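Trainee: Here is the input, now give the coordinates:
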Amino acid sequence: MTEKKEKFKRVEFGAILCNSFFVENEAGELIFTKAEEIKQANIEWVEFPFNKDPFMPESRAKKIGEILKDLGLKVSCHASYFINYGSHEEERIKKSHNYILINIKNMKAMGANKLIVHVGSAGKLGKTVSMENAKNALKELSKLLDAKKYTDVELCLEVMGKQSRIGNLEEMVELSHIDSRYNVCVDFGHLNCLSQGGLKTARDYAKVLTYLKENLPREKFERQHFHFTNIEYDKKGEVRHLNLEDTKFGPFFPPLAEALHKEQELVSVTIISEAKSTSISDASTLKRLFTKR
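Mentor: Residues are numbered from 1 along each chain as shown. Okay, the predicted model is just below:
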């Protein structure tokens, strides 16, 4: 009788960066000001944001990628905040497509292939109409990706933290079915905001993982890219990002660590901290909390 091999589960940790961390010295060389802190943190990933700078020169993106590669870091990227696929305005959709394509071009220049995307806002249109707009727009985007021969990219649709946004867990899973290159990025801080503090126990987190497992194709579920950050919230959802010093709002990491250790079908997990001002040290702390279990 052949013995069934247990799957190898790789859980790695990383931090969101800022474009401002990369500055030119007097000689015109690009310097990464957080290099020593990253080395000491002993984390595997960084996430580079195109949030407010979608038109970064490709040459700068390439240099940043080289710096991060020399540090032995894996890179994911965060797409522009200006994207809104919930809109009914054709021009807004075209601009959103353009942001995505430019972000992908710079992402590939960095040597990365995973782009985290905020789908957009419902606004006055309401969720039903804006979701239909998003479905149509993401189908259009698929054709544009094909035309550019972007077959090896992964767009992770992020679970959002405000009630007004397109972005609860069920919506992101539904939209991810449009294309094999679309997956879900569960932001547990955002999910905790939507549920008004509903992520407390390992069982709460396990329910999220089970939902993903039951509603995503196996090849998508097996490789997950998560965000984990303590976030302040009110009745409307997310207010602002905090850090691990928060003891009031959460979510809190040990129950998630427990749930991840128990989930046998996951193969590759990346957890990115987006903590305010302390993402690198918080990512290091998350890794320590996970590995000591």
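Trainee: who touches His88 in this structure?
Mentor: The neighbourhood of His88, defined by C-beta atoms under 8 Å, 6 or more residues apart in numbering, consists of Leu125, Val129, Asn133. (Glycine included, C-beta is placed from N, CA and C.)
Trainee: Next, format those as JSON lines and append distance to Ile100, neighbour count and secondary structure.
Mentor: Rendered in JSON lines, the data for those read as follows (distance: C-beta to C-beta, whole Å; neighbours: other C-beta atoms under 10 Å; DSSP: H, G, I helix; E, B strand; the rest coil):
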{"residue": "Leu125", "distance to Ile100": "21", "neighbour count": "15", "secondary structure": "helix"}
{"residue": "Val129", "distance to Ile100": "22", "neighbour count": "14", "secondary structure": "helix"}
{"residue": "Asn133", "distance to Ile100": "15", "neighbour count": "23", "secondary structure": "helix"}
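Trainee: So what's the gap between stretch 189-206 and the chain middle?
Mentor: Using C-alpha atoms, centre = their mean, to the nearest Å, we find the averaged C-alpha position of stretch 189-206 to lie 17 Å away from the chain's own average C-alpha position.
Trainee: Identify each buried residue in the helix or strand containing Glu174, please.
Mentor: Secondary structure assignment for Glu174, by DSSP states H and E: helix 169-176. For helix 169-176, the neighbour count (16 or more other C-beta atoms under 10 Å) marks Leu169, Glu171, Met172, Val173, Glu174, Leu175, Ser176 as buried.
Trainee: Helices of this structure, residue ranges please.
Mentor: For the chain, applying DSSP state H gives helices covering 35-41, 58-70, 90-109, 127-147, 169-176, 188-194, 202-215, 218-221, 253-262, 279-291.
Trainee: Please identify the deepest-packed of those helices.
Mentor: helix 188-194 (a mean of 25; mean count of other C-beta atoms under 10 Å).
Trainee: Show the average pLDDT along it.
Mentor: The pLDDT scores in helix 188-194 average 98.
Trainee: Which secondary structure elements does that helix sit against?
Mentor: Helices and strands touching helix 188-194, by 3 or more C-beta pairs under 8 Å, 6 or more residues apart in numbering; DSSP states H and E, are helix 202-215, strand 223-227, strand 231-234, strand 237-241.
Trainee: between the helices of the chain, which gets nearest to Lys9?
Mentor: With C-beta to C-beta as the measure, helix 253-262 is the member of these nearest Lys9 (8.1 Å).
Trainee: Low-confidence ranges, the chain, go.
Mentor: Filtered on pLDDT under 70, the chain yields the residue ranges 1-8, 293.
Trainee: Please work out the angle formed by the directions of the helix holding Glu174 and helix 127-147.
Mentor: Between the direction of helix 169-176 and that of helix 127-147, the angle (axes from the mean of the first three to the mean of the last three C-alpha atoms, to 10 degrees) works out to 30 degrees.
Trainee: chain center to stretch 70-81, what's the gap?
Mentor: Stretch 70-81 has its C-alpha centroid displaced from the chain centroid by 10 Å (C-alpha atoms, centre = their mean).
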